[in-house]
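[1] Sequence unavailable; structure follows:
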């Protein structure tokens, strides 16, 4: 594709920069171009490449940030483009084929952070490490706890709360998705948790999306569909029913469009054509991508304010109600919606006011500047109290409590169980034995860690190894925690098609008579799911899971509600285990269990 006129001019002027030019002279030429082409992302990336290549020769006028990201990361992307405006950036790219960029360091799940530090470009000394959504399929360098600078992570997916808890254990600062979410996390993690709008998971899209103010052909667009996940507490479905009833009550008066599963281009086109965009968030917080996408495209946000529920998600948390959009509840829904549909001039005024307010207050640049300021002002202890083995374990647990695909990235965590007391160690080894990638380094390290006399089994099959760990755990586990070991082993047995009817009955009876006692969730692996097609609701495999794995999602939400109540959390874990047995007895014949030989 040929360069457009703007890009061609940029390239032409960049060619005037001679190799023999002093870096300061080149810097001045870049500043002229950056001022002229403020919204050209390609130029920002080229400028960052220049800054990183010459880091040892240029005065340090900007922060230096080491950036993490998803496994399979496309770099550069929208997050890094805007970060280039305020900082010099080197990105860790966990991809199959290495990028040839000066500002990219190629990594694999095996790459230790010490190794990464040796690959930093000359003169690049990070002010801090940051990842914008770390708990969801993102690469985390094993050994990151040795970083000689702050390590910071944003989190977003509250339905992955168990993973987020391990993020909070490992990282110096954690940025919550909302102030309400932050308040919950602070009950356990105190000032480790900081608030920045939207957790910097998203920000204003005003510089990437053009608004449309005229020729609005849709009065109200509904761009989401029904969803039964506990993350929405059935509120999505209720809201959709309210809209249908409203439409039936006012037939033909308004253009109300129900559209979902759109391509991004088609989706943005729909928002631009809509006077009003209906929105509802989940338990994660008061805003989602749709909130800011609607404002950026010139549509007024009409958003449900959660009420009658534990979670407090109000449109007015960061925006002014009826000035930048409108919040509503069940009682005010019809009256408010009718008012805004009948007054398009007011709707447009609100949409325009919100568009300006969003860019002035919540641009990526402003939020990144706030991130830099808050990290700089933070008091962070380095070196950290976490040992290398503990850090390895925490990284693997962040992966473990996501989905089964992420478990293949677990490598060094098995080293961390070496520092745990006997029954916890054997419980964890029992689970890791059947969780690690058979062809990966983690499995090799597992066999190397096997204690005598189990070391003789290094060439034996993993199921036999798992059984030996189970027997060792049983020999030392306190009675009040016996159910955890039995539960974990039973689920492993199901996956291996080795569970018997007797096993089922014994564990069911044990769960029935158990009084839950608080346990150390950070150190003890609790198996939440079964990688088995017979239990789709308890399956974290993306190919097998159904309806957003409802029991696990609901448990994560309930655990979030009980941040500082270990006794209640123990009860929730026991109830979760009992739930699987009740479902099994109701839906499945005992013939599913092979006869024990």
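    Thanks, I have it. These numbers were taken from a predicted model, which means no experiment stands behind them.

[2] First-to-last residue distance for stretch 506-523?
    Separation of the first and last residues of stretch 506-523 by C-alpha to C-alpha, to the nearest Å is 26 Å.

[3] ok, now stretch 71-87?
    One end of stretch 71-87 sits 23 Å from the other (C-alpha to C-alpha).

[4] Kindly report the same for stretch 53-67.
    Stretch 53-67 has an end-to-end distance of 17 Å (criterion: C-alpha to C-alpha).

[5] List the buried residues in that stretch.
    Across stretch 53-67, burial judged by 16 or more other C-beta atoms under 10 Å covers 53-55, 58, 62-67. Where C-beta positions appear, they are placed from N, C-alpha and C, glycine not excepted.

[6] Could you tell me how far it lies from the centre of the chain?
    Offset of stretch 53-67 from its chain centre (C-alpha atoms, centre = their mean, to the nearest Å): 28 Å.

[7] Can you report the mean pLDDT over the residues of it?
    For stretch 53-67, the mean pLDDT works out to 95.

[8] Stretch 162-172 too?
    Mean pLDDT, computed over stretch 162-172, is 96.

[9] cool, and stretch 122-132?
    97.

[10] how far is it from where the chain is centred?
    Chain-centre distance of stretch 122-132: 21 Å, with C-alpha atoms, centre = their mean.

[11] The chain should start at 38 in everything you say after this.
    New numbering, starting at 38: the last item is stretch 159-169.

[12] Show me what it is in contact with.
    Residues outside stretch 159-169 that contact it (C-beta atoms under 8 Å, 6 or more residues apart in numbering) are 89, 91-95, 100-106, 116, 124-125, 127, 157, 175, 177, 181, 184, 186-191, 236-238, 408-409, 412-413.

[13] again, only using 6 Å
    Identification of contacts with stretch 159-169 by C-beta atoms under 6 Å, 6 or more residues apart in numbering yields 92-93, 100-103, 105, 116, 127, 175, 184, 186-191, 237, 412.

[14] Then stretch 596-605?
    In contact with stretch 596-605 (C-beta under 6 Å, 6+ apart) are residues 198, 221, 224-225, 347, 555, 606.

[15] hmm, which of the residues you listed are the buried ones?
    Neighbour-count burial (16+ other C-beta under 10 Å) applied to the contacts of stretch 596-605 gives 198, 221, 606.

[16] can you pull the buried residues of the strand or helix carrying residue 543?
    Residue 543 belongs to helix 538-550 when assigned by DSSP states H and E. Within helix 538-550, the residues that count as buried by 16+ other C-beta under 10 Å are 540-541, 544-545, 548.

[17] one step back: in strands only, show me the buried residues of stretch 90-104.
    Within the buried residues of stretch 90-104, residues falling in strands by DSSP state E are 101-104.

[18] who touches whichever strand or helix holds residue 276?
    Per DSSP H and E, residue 276 falls inside helix 272-286. Contact partners of helix 272-286, identified using C-beta under 6 Å, 6+ apart, comprise 259, 263-264, 293, 317, 341, 370-371.

[19] Going by residue numbers, what spans are strands in the stretch 238-387 of the chain?
    Here the stretch 238-387 of the chain has its strands, by DSSP state E, counting those that start in this stretch, at 255-259, 293-295, 311-316, 337-341, 363-365.

[20] Tell me the strands beside the longest one, with direction?
    Each strand that pairs with strand 311-316, with its direction, by DSSP bridges: strand 255-259 (parallel), strand 337-341 (parallel).

[21] winner for burial among those strands?
    strand 337-341 (a mean of 25; mean count of other C-beta atoms under 10 Å).

[22] what residue ranges in the stretch 338-487 of the chain score low on pLDDT?
    With pLDDT under 70 as the threshold, the stretch 338-487 of the chain has low-confidence stretches at 475-479, 481-482, 484-487.

[23] ranges for the helices of it?
    Under the criterion DSSP state H, counting those that start in this stretch, the stretch 338-487 of the chain contains helices at 370-379, 381-398, 401-414, 425-437, 459-470, 478-486.

[24] Out of the ones you listed, which one sits most buried?
    Sort the helices of the stretch 338-487 of the chain by mean neighbour count, taking mean count of other C-beta under 10 Å, and helix 425-437 sits at the top with a mean of 25.

[25] for that helix, packing partners?
    Here helix 425-437 touches helix 198-207, going by 3 or more C-beta pairs under 6 Å, 6 or more residues apart in numbering; DSSP states H and E.

[26] Compute the inter-axis angle for the helix it packs on and helix 425-437.
    160 degrees (axes from the mean of the first three to the mean of the last three C-alpha atoms, to 10 degrees).

[27] neighbouring strands for the next helix or strand after helix 198-207, and are they parallel or not?
    For helix 198-207, the succeeding helix or strand toward the C-terminus, using DSSP H and E, is strand 210-213. Strand pairing for strand 210-213, using DSSP bridges, gives strand 188-191 (parallel), strand 230-232 (parallel).

[28] Just the residues contacting strand 210-213, thanks.
    189-191, 204-205, 219, 222, 229-231, 233, 236, 415.
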